[in-house]
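Undergrad: take this sequence and fold it.
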Amino acid sequence: MASPPVAPPPVLRSVPPPPPPAPAVVTPETAALSSSTLAELYFRQGFVDKAIEVYQQLLQRGPENERSRARLGELRALLAPSVPPTVVPPAAAAAPEDERTTRRRAIESAIARLEDLLVTIRRNAPATGPR
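TA: Residues are numbered from 1 along each chain as shown. Sure, this is the predicted structure:
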């Protein structure tokens, strides 16, 4: 008896290489996310000045970005020198009007910055129900 015929080996065909990956689509939203993410990384590492620079660049690209504008204000308020409350000794009560006016303006400026920061915090805070 004859042995069954042996099938020829399969023919190897070359497989075309896969197409190159599509370039990443950068939308304004993803660009903003990466920039704000970078700024927050700088902030968490203690580089507040670099975080401020990133937010400034972000606002140059998109001046309508209120979230970045608010965060930039918060970071600037952190860097602003605060005026500690002071007790005026009796001798200083007779200080010239110029010095008292300067001190008062500095205190009013600090209060205004803190009030702006509070408004920003309240605006960006998630709603948790009635207050």
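Undergrad: quick one: low-confidence ranges for this structure?
TA: Scanning the chain for pLDDT under 70 picks out 1-2, 10-13, 21-34, 82-97, 127-131.
Undergrad: which non-adjacent residue is nearest D49?
TA: Sequence neighbours aside, L79 is the residue nearest to D49 in space, at 7.2 Å (criterion: C-beta to C-beta, 6 or more residues apart in numbering). The C-beta positions use only the backbone N, C-alpha and C, and glycine is treated the same way.
Undergrad: near the residue nearest to F43 when sequence neighbours are not counted, how many other residues are there?
TA: Leaving aside its sequence neighbours, F43 sits nearest to A51 (C-beta to C-beta, 6+ apart; 4.2 Å). Neighbour count for A51, taken as other C-beta atoms under 10 Å: 24.
Undergrad: for A51, give its distance to V15.
TA: Distance, A51 to V15, using C-beta to C-beta, to the nearest Å: 49 Å.
Undergrad: likewise D98?
TA: From D98 to V15 the distance is 85 Å (C-beta to C-beta).
Undergrad: same deal with L114?
TA: From L114 to V15 the distance is 66 Å (C-beta to C-beta).
Undergrad: not counting sequence-adjacent ones, nearest residue to S35?
TA: Leaving aside its sequence neighbours, S35 sits nearest to L58 (C-beta to C-beta, 6+ apart; 4.6 Å).
Undergrad: and for A80?
TA: Here the residue nearest A80, using C-beta to C-beta, 6+ apart, is R113, at 5.9 Å.
Undergrad: try T120
TA: Computed as C-beta to C-beta, 6+ apart, the closest residue to T120 that is not its neighbour in sequence is A70, at 4.6 Å.
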